[in-house]
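1. Fold the following.
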Amino acid sequence: MDTPKTTNMEQVVRTNQELQTSKSELAAANRQVDELESQVRSTEDKQYRAEEALVESDRRFRRLIEFSPDAMFIKRANRIVFANQRCLKLFGASSSEQVLDKSVFDFIHPDYHAIMTERDGMMEMGNTVSLIEEKIVRLDGTTVDVEISASPFLEDGVTAIQVVCRDISDRKKLEEQFHQAQKMEVVGQLAGGVAHDFNNLLTVISGYSEMLIRRLSPNDPTRAFIEEIHKAGERAAMLTRQLLMFSRKAVVERRVLDINALVTDTEKLLRRLIGEDISLATVLCPALGQVKADSGQIEQVLMNLVVNARDAMPQGGKLTIETSNVELDSDYAKLHPEVKPGHYVMVAVSDTGTGMSHETKAHIFEPFFTTKGLGKGTGLGLATVYGIAKQSGGHVAVFSELGQGATFKIYLPPVKEKVPSAKSLHDQKVAPHGNETILLVEDDSAVRGIIKLALQALNYTVLEARNGEDAVRLCERHTEPIHLLLTDVVMPEMGGRQVAERLEACKKGIKVLFLSGYTDDAVIRHGILQAEVAFLQKPFTPMALANKVRDVLDQ
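-> The predicted model follows:
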């Protein structure tokens, strides 16, 4: 009877064991399932992160392309299939529809079509192209200078070309300004090189012709011939001054100026220049700043601009001279690298004449460039304006369109100093005859001769020396007072400054007037270009010499 019970117990035990085994296997299976689910979740997380990274990378790439300072586009079979925002702006488009699927030839200047076709053929063979200059034609018809780099790549089995365009218009403008400056510097060096000898010759021509005119009666038949010689000398002297002014080589006497007063003083002269068929109006700023410049040079600027405006209005018109205080900001300075941002005093001369084309405006400040007929212009008027503005620390700008007249604006830096006197800038004191003794030191015998003759005609006692050594020996021998030393600046062995220093030790209180036909570089090197030094630039007339000598003696 006990055997069945034993068997049942064994079965229960086995069943329990099998049940425990099944539970263990189920637990192991559950763990495997959990592990698999964890792996799946991990894989899904990695895939999600990878997708997020891919999206972010694509977003960054698009931002990089869209906000690139360079224009970028992709073309296939010469059709534009992609263009970034910079490209749309470069092409003058307001939306991508104006550019996408358009032929690239629509935006490349016709002069470069053949070059582009040849270049694309090279890229079909896997070559890249770097830094090629071309011209882009915008939708409004204007052109832009660009620098292009291009490279091919496969897209869906088809060769596409990625093009990067960089706007180099500002750089091209800077290059043009640099070449213009180089040309002006070359001509300036040429002018400075011949100025000394030429000015000595003109001093002799103008001096003797003026003295002859004074001695001849109005009815003398030879007087007209001499007057023509004198006029030719004056024109030659003006050409020399213009050459030196535009090349910034002329010696200048900078003083604090009231531009409004200068315009007012020259208004009558300017009205005579333009004639009755042109009306002249002035619009002067009442609180205009002061500038420091050479009054003669600024007058020259006004006269040159007014004459230029007159010639642009052969049928008459209106001429306006305006002054104002202006500020040139950093944006303006970026377009004109030679300009420093800040406050300026502006003088503007505007006309209602024929105006100028873009091509003409690009050359107007070049020396000897003129649109006037043969014999009607030297081509130095506006070049002189440009040179004076630069020499005065300023800037000149021109605004003009064909048929719309022209405006020239001269910008000069202001100063805080005040004009020392309200005396008219055109008042000239006529020198009376003098009785002082003058020591003349000049190495050019012809110039020395005319100066001596002119001064003796005014009753001065003139002691002459051909060089510095002669002057020192003469001073030591002469026991009477010498009131004025009149000396050339640049002479062999002993220059004018050294002569003055030696004579000032010999003759206490002697006054000095320097003469020179050299340019400012030479005068500066010889140490006399100072505000308190009296200086007379060759060529000069006997009247100009007489007035200057009297001024120095009366100081």
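
2. any weak-confidence spans in the stretch 301-450 of the chain?
-> Confidence mapping of the stretch 301-450 of the chain against pLDDT under 70 gives the ranges 367-381, 418-432.

3. Going along the chain, name the strands of the stretch 101-250 of the chain.
-> With strands called from DSSP state E, counting those that start in this stretch, the stretch 101-250 of the chain shows them at 129-137, 143-155, 158-167.

4. Show me the residue sitting in the middle of the chain in space.
-> Nearest residue to the geometric centre of the chain (CA atoms, centre = their mean): Glu338, 4.6 Å.

5. Next one: that residue from Tyr332, what distance?
-> 11 Å (CB to CB, to the nearest Å). Placement of C-beta: from N, CA and C, glycine included.

6. lowest-confidence helix or strand of this protein?
-> In the chain, no helix or strand scores lower on mean pLDDT, DSSP states H and E than helix 520-525, which sits at a mean of 46.

7. Summarise which helices and strands whatever helix or strand comes next after that one is packed against.
-> The helix or strand immediately downstream of helix 520-525 is strand 534-537, counting by DSSP states H and E. For strand 534-537, the elements it packs on are strand 511-516, helix 542-554, judged by 3 or more CB pairs under 8 Å, 6 or more residues apart in numbering; DSSP states H and E.

8. Now with 6 Å, please.
-> strand 511-516 (3 or more CB pairs under 6 Å, 6 or more residues apart in numbering; DSSP states H and E).

9. What pairs with the strand it packs on, parallel or antiparallel?
-> strand 484-488 (parallel), strand 534-537 (parallel) (DSSP bridges).

10. okay, the angle between that strand and helix 542-554?
-> Relative orientation of strand 511-516 versus helix 542-554 (axes from the mean of the first three to the mean of the last three CA atoms, to 10 degrees): 150 degrees.

11. residue ranges with poor pLDDT in the stretch 1-150 of the chain?
-> 1-6, 50-64.

12. redo that, cut-off 80
-> Applying pLDDT under 80 to the stretch 1-150 of the chain flags the ranges 1-10, 12-30, 33-34, 36-68, 122-131.

13. One more: the stretch 451-555 of the chain?
-> Using pLDDT under 80, the stretch 451-555 of the chain drops low at 490, 505, 516-535, 537.

14. mind listing what Val33 touches?
-> By CB atoms under 6 Å, 6 or more residues apart in numbering, no residues touch Val33.

15. ok so, going back, now do the residue nearest to the centre of the chain against Ser295, distance only.
-> Taking CB to CB, one finds Glu338 at 24 Å from Ser295.

16. How about Val12?
-> Distance from Val12 to Ser295, by CB to CB: 131 Å.

17. These two: which is more packed in?
-> Set side by side, Val12 and Ser295 show more neighbours around Ser295, with 20 against 10, by other CB atoms under 10 Å.

18. show me what contacts Thr320?
-> Ala281, Ser350.

19. how would you label it: helix, strand or coil?
-> strand (DSSP: H, G, I helix; E, B strand; the rest coil).

20. Give the bridge partners for it, please.
-> Bridge pairing for Thr320 - DSSP bridges - gives Ala281, Ser350.

21. Looking at the strands of the stretch 101-250 of the chain, which is nearest to Ser38?
-> Comparison of the strands of the stretch 101-250 of the chain against Ser38 by CB to CB identifies strand 143-155 as nearest, at 41.0 Å.

22. can you give me the strands for the stretch 301-450 of the chain?
-> 317-328, 342-351, 395-400, 406-412, 414-415, 437-441.

23. could you say what helices and strands the fourth one packs with?
-> Same thing as strand 406-412. By 3+ CB pairs under 6 Å, 6+ apart, strand 406-412 packs against strand 342-351, strand 395-400.

24. Show me what it pairs with in its sheet, parallel or antiparallel.
-> Strand 406-412 is paired, per DSSP bridges, with strand 342-351 (antiparallel), strand 395-400 (antiparallel).

25. cool, and the last one?
-> Neighbouring strands of strand 437-441 in its sheet, by DSSP bridges, are strand 461-465 (parallel), strand 484-488 (parallel).

26. right, so the ones you listed: which one is the most enclosed?
-> strand 484-488 (a mean of 26; mean count of other CB atoms under 10 Å).

27. What's the first helix or strand after that strand?
-> helix 496-506.

28. Please tell me how far that following helix is from the chain's geometric centre.
-> 41 Å (CA atoms, centre = their mean, to the nearest Å).

29. Can you give the contact residues for the helix or strand where Arg272 lies?
-> According to DSSP H and E, Arg272 maps onto helix 259-274. Identification of contacts with helix 259-274 by CB under 6 Å, 6+ apart yields 280, 282, 284, 288, 298-299, 302, 306, 310, 321, 323, 347, 424-426.

30. ditto for stretch 67-80
-> Under CB under 6 Å, 6+ apart, the answer for stretch 67-80 is 81-84, 86-87, 90, 99-104, 158, 160-166.

31. What's the ChimeraX line that selects buried ones from those?
-> The buried residues among these can be selected in ChimeraX (16 or more other CB atoms under 10 Å) with this line:
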select :82,83,84,86,87,90,99,102,104,160,161,162,163,164,165,166
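
32. circling back: out of the strands paired with strand 437-441, flag the one nearest Leu412.
-> strand 484-488 (32.1 Å).

33. hmm, who's touching that closest one?
-> So strand 484-488 is contacted by 438-442, 496, 499-500, 503, 510-513, 515, 553 (CB under 6 Å, 6+ apart).

34. Work out the gap between stretch 339-353 and the centre of the chain.
-> How far stretch 339-353 lies from its chain's middle: 13 Å, per CA atoms, centre = their mean.

35. Restrict that stretch to CA atoms and write it as PDB.
-> Taking Å, rounded to 0.1, in the frame of the first residue of the first chain, the C-alpha atoms of stretch 339-353 are listed here in PDB:
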ATOM      1  CA  VAL A 339      39.200 110.100 -46.900                       C
ATOM      2  CA  LYS A 340      39.300 110.100 -43.100                       C
ATOM      3  CA  PRO A 341      35.800 110.100 -41.500                       C
ATOM      4  CA  GLY A 342      35.000 113.300 -39.700                       C
ATOM      5  CA  HIS A 343      33.900 116.900 -40.000                       C
ATOM      6  CA  TYR A 344      34.700 119.000 -43.100                       C
ATOM      7  CA  VAL A 345      34.000 122.400 -44.600                       C
ATOM      8  CA  MET A 346      32.500 121.900 -48.000                       C
ATOM      9  CA  VAL A 347      32.600 124.200 -51.000                       C
ATOM     10  CA  ALA A 348      30.300 123.100 -53.900                       C
ATOM     11  CA  VAL A 349      30.200 124.500 -57.400                       C
ATOM     12  CA  SER A 350      27.100 123.400 -59.400                       C
ATOM     13  CA  ASP A 351      26.000 124.100 -63.000                       C
ATOM     14  CA  THR A 352      23.100 123.300 -65.200                       C
ATOM     15  CA  GLY A 353      25.300 122.400 -68.100                       C
END
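
36. Cool, thanks, signing off.
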